[in-house]
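# sequence first, predicted model second:
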Amino acid sequence: MSVLRPLDKLPGLNTATILLVGTEDALLQQLADAMLKEDCTSELKVHLAKSLPLPSNVNRPRIDLIVFVVNLHSKHSLRNVEESLHHVDATFFLGKVSFLATGAGRESHCSIHRNTVVKLARTYRSPLLFCDLEIGDFRATMAQRLVRMLQICAGHVPSVSALNLLSLLQSSENPSLEDL
């Protein structure tokens, strides 16, 4: 079994690489395209995967940020993310993993309750973002946010680390009763 580790590869000079993992090929491609349109001081690389593990025979760059995309309209999407998480080294969860839930805008059509994804993100102590990727303006805003997160995770923003970002994102969440 191939486990994805953050320090398997040396970083590329001024390169930032994000891995989007999810079953929604078209939405992931649209998000990737929107990210590549963003103004970024780093060379931005976006890789897409339906699931993990990644093929071991592929020469790939170091991955600075993994975003697991869960479509709230598909139980298969959630299962796929849950199974993929087993192929990620624990050190990635120190600020280099995020969850993105899409489809929350049409809650009546959801087959996965929002709380299920919230619990998943809390279990892995990783940020959870909500965005309806089917809406172009929302997708563009999320692309901007992910590019900024990626630059931080790649170490291209002075005085801010992935752990700083993680603590900022978590402190902005409302604590649940269980956490108090």
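Arrived safely. All of these numbers come straight from a predicted model, not from anything done at the bench.

# switch to C-alpha atoms for all contacts and neighbour counts from now on
Noted.

# how about the strands in this protein?
15-21, 43-49, 65-71, 97-102, 128-130 (DSSP state E).

# list the buried residues for stretch 119-131?
For stretch 119-131, the neighbour count (16 or more other CA atoms under 10 Å) marks 120-121, 125-131 as buried.

# actually stretch 81-99, not the one I wrote
81, 84-85, 87-88, 92-99.

# mind checking pLDDT for the nearest residue to T15 once chain neighbours are set aside?
Ranked by CA to CA, 6 or more residues apart in numbering and with sequence neighbours excluded, the top spatial neighbour of T15 is E43, at 4.6 Å. pLDDT for E43: 94.

# wait, what's in contact with E43?
By CA atoms under 8 Å, 6 or more residues apart in numbering, the residues touching E43 are 14-16.

# looking at this structure, which helix or strand is least sure?
helix 162-171 (a mean of 75; mean pLDDT, DSSP states H and E).

# now do the buried residues in that helix.
The neighbour-count check on helix 162-171 (16+ other CA under 10 Å) flags 162, 165-167, 170 as buried.

# output the contacting helices and strands for it.
Secondary-structure packing of helix 162-171 (3 or more CA pairs under 8 Å, 6 or more residues apart in numbering; DSSP states H and E): helix 136-153.

# could you list every helix and strand in contact with the helix it packs on?
strand 15-21, helix 25-37, helix 162-171.

# cutoff 7 Å now
Other elements packing on helix 136-153 under the criterion 3 or more CA pairs under 7 Å, 6 or more residues apart in numbering; DSSP states H and E are strand 15-21, helix 25-37.

# the shortest one to strand 97-102, inter-axis angle?
An angle of 50 degrees separates the directions of strand 15-21 and strand 97-102 when computed by axes from the mean of the first three to the mean of the last three CA atoms, to 10 degrees.

# for strand 15-21, which strands pair with it and how are they oriented?
strand 43-49 (parallel), strand 65-71 (parallel) (DSSP bridges).
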